[in-house]
Every structure is written in C-alpha cells, then in structure tokens.
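**Student:** 3D model of this:
(2 chains)
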Amino acid sequence: MIFVFLLALLAPAPRGPDTVNPLHDCECKDLPRLFEELMEQEKLRDTCQEYLKKPKINEELLTIKEVSEALSYRLNQFVSSRRGAQGGSSSGSGGGAAPAFGTDFLHEGCGLFKYPPKDADGNQPDPVPSSPDEVRAQECSAISEYLIDHEKYHQDRCKERFKKGGDPLSILIPSNYLKEDCAAYDTGIKRLRAEIAKLSREKCGWQGSTKKYKQGGFAVVPTPDQIDKLKDTVKQQANALKKGAAK
Amino acid sequence: MNPLAIGLLLAATIQSHRITLDDPALAATYERLCAAPQRAAECPWLQRELEVRLLGNLQALQSLDQPIDRDVVRVAVRGEFPFLALFGLLQMNTIDSPEDEAAVTWAMDHPSPGVRRAARQMARQAQSGHPRLAALLQWGSDSGANPFGLDPAESEDWSIFMPEEPATLKAFGLPEVAALYRPSMSTDSMPVFTTTDRPEKVLAVLAKGRQTQGAMEMQEQAMQTIDSSEVERIGKEMEGVTDQAKMMELMTKLNEAMLRMNKPAEKLQSIRDPEGRYWELPAGSGQPKRIVGVGRDEALGVTTISVLLLQ
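**Tutor:** Down below sits the predicted model:
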C-alpha cells in the first residue's frame, strides 16, 4: 500500500475542521487559509517538477519509496518551517489531523480513497474508499473542489490506462507517476486560484490584483472598477488608431 | 508558448527606445500627432507601440472573460502589428456585417503572410453570404492555408509573421501609377495591383503607345503558335516499340515536347477580364518575359493591373 501512502503525501488534504458539514461555500474568513493552501500546493508542485527533472528518476524503476520519502521530507520541512515562522499551527483547526485523499490506481474503478489520520500511537490506519461527496462534506467548496479536481485528474488517467488495456502498474514507475502528479497539481492549483478569485470578487469586495496578465492561464482578480478602466483604455486606444488610419 | 505572447515578447525586444507615456496619454498623443492631415514622423513608431499595448489590454480583457466591443475587434483586425491583427481575426470569428467584411478584406492584404493566410481562411469560410469576399477569392491562391483552422500556431513557422515589403510596378519594369499592390489577389507568378482610375487612363500610362491585345486576340494567337508536330512525331516513333528502355526514353521526350507545345498557352493565365487589354514585355534587364494585363473587376469596383511572369 506504499502507493496510497505516496498519494496521501502528494495530495494532502488541508488542515480543515474535523466535523463533517454538508456542502458549503467558503467564507471571507477562509481566504487566508485558502491562500496558505495555494502556497502549499504550489510548493508541492514545484517539488514534484524538481524531482521530475532528475535523470535518476527516469532511469530507475524501483525507487518509488525513495521518491515518497524525499517528497514527504520536503513537504514536512516546508510545512514546519512555515508553522515555525507563524508561531505554531498555521491555520485551521485540524493541524494535520484531517484525512488525505488519493486514487486507487490498481483497480479498474480508479476510486477515491480516504487515508485517515494516524491514531494516538502514531500508527497509520488502512485507507478506506471515499467519494467526492465526502470530500465536499469535509471542506468548504474552494478546497473540496480543488482536491476533487486534483484526484479526478489521476482518476481520469487511471481509467484511460485500463480502457487502453495498458499495465496499471506502469504508474508505479516514478517518472510516470511524477509526470502525472505534476499535471494533477497544476489542475488543482488552477481550480483553487479560480475559486479564490471568485470568492474574493463576489463575496469579499476584493480590491484586486494589479497584475495585467494572468499567468499560466490562472485567474486574477481585478476590481470591477479596474475592468471598466481597462475597457475605457481599450476604446481610447482603438479610437486613436481608427482616427490615425483614416488619414 | 502562445503565439500572441511571443509577439508581445518580440515587440518588446525590438523596441530600440521606450515611451514612458501611460496608455491613455499615448493614445491621446497618437491621436494629436497622427490623426492630423500631416502625420508626424514619429507616427509609425507610436502606432506600433499603441498597437502592442492595445493587444496586451485586449488579452487581459479576454483572460477575464470580458466581452470585447465589436468595433474594437475590427480595429484590431486592421492592426499593422501582425499579432494584433491575428488576435482580432480570432476574436471576430464570424463575418456579421459589412464593417466586418471590410476589416477582413483589409487583413487579406496585410503585409504579414501569416495574417493574410488567416484572413483568407476566414473569408473562405464566410464567403457564401458576402459577394465581395467571394469575388476577391476568385483571385490569388489558397496555398499555404492552415488546415487546422485560423490559428497558424500549428505551423510553428514564425517567419510567416514577418511583414513583407509590398511589390511595386517599377520592380517589374513598369512606370508607377497610383495603384495598390494587392497580395490578396496575387500569386507567386502574377502580382496584381488595383486602382480606382478607369482602365483607359491606366493603359495610357502603362502601355505608353505599345500595341495591346484583347483576350480573344491573345487566345487566337496562342492557339496559332501551338505547334504539335514534334509531339505527333514522337507519338509515331513510339508505335510498335517493345523495348522498355527505349519506351521510357521516348516517354520522357514526349513529356518535354508537350511542355514546349503548351508554352504559348501559359500567357493565357493572365486573362482575368475578357474585356481587358494585354501586352507582352520581352525579357531583359534581369526581368523575365512578362504579360501585362489591365482590366476591370466590376464585383470589386476596381481596375486591375496584373503582371504575369513567364519562365
């Protein structure tokens, strides 16, 4: 079950509330936590890409344990350093107690797994089947949707492998896994950014990003006023060009 | 990388000096200096800067899923900066009005082959409801059209976005008249120019007393000069030949003879207007033999000047 352990490390659920709530939108007060989640996901994506670049990853077939250990080390280092800087638990009430989710790559259904937190003695309980609804019930929508998108990326690729009659175990080759996981992170991050943008714009009166261009196809959050100004500028520029061309 | 992003990058790279004006100030300056009857010397540079910035702002609006005013889209289609024009064409997507049609027609003559290609492809898709576009498409060539759609990014050949110098009548050994080079109507072997002047006026300058021919006359002359005797002779020679090597040799000779036989008919490619006037210019001074034609395209409302380059 090393693969489930690895998935749990690569797609950790946020440290959210322990209680199970029905599907609910995130609130403005959740924004700092969402940004923190975004930072963490981006850091993990970068770490994934860093490992993917290592030639060793592409050559050795049986180093998945090494990869998982290395990634978990990096993750723990990152989380603890940020927590240290902020003086304790970063945010949320779970403090790493919430379950992580992963994908069952070895069976045709490619189902979603929940990996419960360690027990009081530090033992890791076995993973149990889960569902998008369970993810949604545990976290507000911005987080649950990005987590589902991340795992759905894995699930879709997994289903493709079964459909094409390929070897499902091929995903255990570190380079294959990392390629897929880096892309899954991108998918989740894109969704998380879009959710943050939507929440900020529609509920929280966000004053907006001053960035003109979105990066990598991700959403930015200009204010309605900024958008209106941009539209006015565009009209002004177009009119000037039109008048110049008439001569 | 997105082709438009590459375009912006290129534009930023090639700028030799920076304009520190903000967007509204630059637009106002351009309008003041370049919409006046006497355009200032800085206008081409200001226009490039303005177009690059407009493209950036349009991309920003697009990324925010904001609708872009149709009038602005048409300005983009008419942009000189190739990537602005391409952005405009991709945004326009369909030709819905005479104004849209005019903008696409403009882009079909863009100095950048990549923009021309995209505009022609769009015109080809929309021509049924637009007689002027259909008339224009009778000219020129669809070669190089991108089978993947309007976006030429698939071709990965960025040189198609480099603007080309417009052809001139002088370059083909003709006196200059007030005529526009029309890449949309030209092919590699036949550049075409248009003017609003009447054909008689154009002929008086271009033909300068040379004897011209009508289309019928030229056709008859071409037919008369076709000599089929060599082809017939080789044909007879082939009768009864059983040796394979000999047959191959004769086949090659026959093909060559047929090319020679059809050579006089090449000049008939220049006939676009049955009422037009045509004359031949001999090879010399680095010029191949040329057939010059002056005619009318009533559907487009222009007088056409074509220069067929014979090999």
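**Student:** Quick one: neighbours of residue A:131, just the number.
**Tutor:** If you count neighbours by other C-beta atoms under 10 Å in any protein chain shown, residue A:131 ends up with 13. No exception for glycine: its C-beta is placed from N, CA and C like everyone else's.
**Student:** what's the answer for residue B:72, then?
**Tutor:** When neighbours are defined as other C-beta under 10 Å, residue B:72 has 23 of them.
**Student:** same question, residue B:137
**Tutor:** A count of neighbours around residue B:137, defined by other C-beta under 10 Å, yields 17.
**Student:** What backbone torsions are found at it?
**Tutor:** With angles defined as degrees, to the nearest 10, residue B:137 shows backbone torsions of phi -70, psi -10.
**Student:** ok, now which ones touch residue B:206?
**Tutor:** Contact partners of residue B:206, counting by C-beta atoms under 8 Å, 6 or more residues apart in numbering or on different chains, are B:169, B:174, B:175, B:177, B:292, B:294, B:305.
**Student:** again, only this time at 7 Å
**Tutor:** Applying C-beta atoms under 7 Å, 6 or more residues apart in numbering or on different chains to residue B:206 gives the contacts B:174, B:175, B:177, B:292, B:294, B:305.
**Student:** Would you reformat these as TSV and include neighbour count and secondary structure?
**Tutor:** Written out in TSV, the entries for the contacts of residue B:206 read as follows (neighbours: other C-beta atoms under 10 Å in any protein chain shown; DSSP: H, G, I helix; E, B strand; the rest coil):
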residue	neighbour count	secondary structure
B:174	21	coil
B:175	10	coil
B:177	18	coil
B:292	23	strand
B:294	25	strand
B:305	28	strand
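**Student:** Turn these into JSON lines, columns for pLDDT.
**Tutor:** Conversion of those to JSON lines gives the following (pLDDT from 0 to 100):
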{"residue": "B:174", "pLDDT": "92"}
{"residue": "B:175", "pLDDT": "92"}
{"residue": "B:177", "pLDDT": "91"}
{"residue": "B:292", "pLDDT": "93"}
{"residue": "B:294", "pLDDT": "95"}
{"residue": "B:305", "pLDDT": "96"}
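**Student:** ok, of the residues you listed, which one's closest to chain A?
**Tutor:** When the contacts of residue B:206 are ranked by distance to chain A (C-beta to the nearest C-beta), residue B:177 comes first, at 22.0 Å.
**Student:** Around the residue nearest to the closest one when sequence neighbours are not counted, how many other residues sit close by?
**Tutor:** Setting aside the residues directly before and after it, residue B:177 is nearest to residue B:205 in space (C-beta to C-beta, 6 or more residues apart in numbering or on different chains), at 5.1 Å. The local packing count at residue B:205 equals 16, with neighbours defined by other C-beta under 10 Å.
**Student:** Name the helix or strand for residue B:205, please.
**Tutor:** For residue B:205, the host element (DSSP states H and E) is helix B:199-206.
**Student:** got the buried residues for that helix?
**Tutor:** Along helix B:199-206, the positions that meet the burial threshold by neighbour count (16 or more other C-beta atoms under 10 Å in any protein chain shown) are B:199, B:202, B:203, B:205, B:206.
**Student:** Return the distance of that helix from the chain's centre.
**Tutor:** Centroid separation between helix B:199-206 and its chain, computed with C-alpha atoms, centre = their mean, to the nearest Å, is 23 Å.
**Student:** Give me the sheet partners of the helix or strand that it is followed by and which way each runs.
**Tutor:** For helix B:199-206, the succeeding helix or strand toward the C-terminus, using DSSP H and E, is strand B:213-214. The strands that strand B:213-214 pairs with in its sheet are strand B:277-281 (antiparallel) (by DSSP bridges).
**Student:** residue boundaries of the helices in the chain?
**Tutor:** Using chain A. With DSSP state H as the criterion, chain A has helices at A:2-10, A:31-53, A:55-59, A:64-86, A:132-138, A:141-163, A:174-202, A:224-245.
**Student:** Let me rephrase: I mean chain B.
**Tutor:** Residue ranges of the helices in chain B, as given by DSSP H, are B:3-14, B:23-34, B:43-63, B:70-77, B:82-92, B:98-107, B:113-126, B:131-137, B:199-206, B:215-225, B:229-238, B:244-262.
**Student:** Could you name the helices and strands sitting against the second one?
**Tutor:** Right, the one you point to is helix B:23-34. Of the remaining helices and strands, those touching helix B:23-34 by 3 or more C-beta pairs under 7 Å, 6 or more residues apart in numbering or on different chains; DSSP states H and E are helix A:224-245, helix B:43-63.
**Student:** Please identify the most buried of these.
**Tutor:** Comparing the helices and strands packed on helix B:23-34 by mean neighbour count (mean count of other C-beta atoms under 10 Å in any protein chain shown), helix B:43-63 ranks first with a mean of 20.
**Student:** list the helices and strands that one packs on?
**Tutor:** For helix B:43-63, the elements it packs on are helix A:224-245, helix B:3-14, helix B:23-34, helix B:82-92, judged by 3+ C-beta pairs under 7 Å, 6+ apart.
**Student:** hey, least reliable of those helices by pLDDT?
**Tutor:** Sorting those by mean pLDDT places helix B:3-14 lowest, at a mean of 44.
**Student:** can you list the residues of chain B near chain A?
**Tutor:** Selection of chain B residues close to chain A by C-beta under 7 Å from any C-beta of the partner chain yields B:23-24, B:27, B:30-31, B:34-35, B:37, B:39, B:43, B:47, B:50-51, B:53-54, B:56-61, B:63-64, B:66, B:69, B:71-72, B:75, B:78.
**Student:** And the pLDDT for residue B:169?
**Tutor:** Per-residue confidence for residue B:169 comes out at a pLDDT of 93.
**Student:** State the pair within the contacts of residue B:206 that is farthest apart.
**Tutor:** Between all members of the contacts of residue B:206, the longest pairwise span (C-beta to C-beta) is found for B:175 and B:294 and amounts to 12.7 Å.
**Student:** now the buried residues of helix B:199-206 as JSON lines including pLDDT?
**Tutor:** Conversion of these to JSON lines gives the following (pLDDT from 0 to 100):
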{"residue": "B:199", "pLDDT": "94"}
{"residue": "B:202", "pLDDT": "94"}
{"residue": "B:203", "pLDDT": "93"}
{"residue": "B:205", "pLDDT": "94"}
{"residue": "B:206", "pLDDT": "93"}
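**Student:** Show the contacting residues for the residue nearest to residue B:184 when sequence neighbours are not counted.
**Tutor:** Residue nearest to residue B:184 in three dimensions, not counting chain neighbours: residue B:108, with 3.7 Å by C-beta to C-beta, 6+ apart. When contacts are counted by C-beta under 7 Å, 6+ apart, residue B:108 touches B:116, B:119, B:120, B:123, B:136, B:184.
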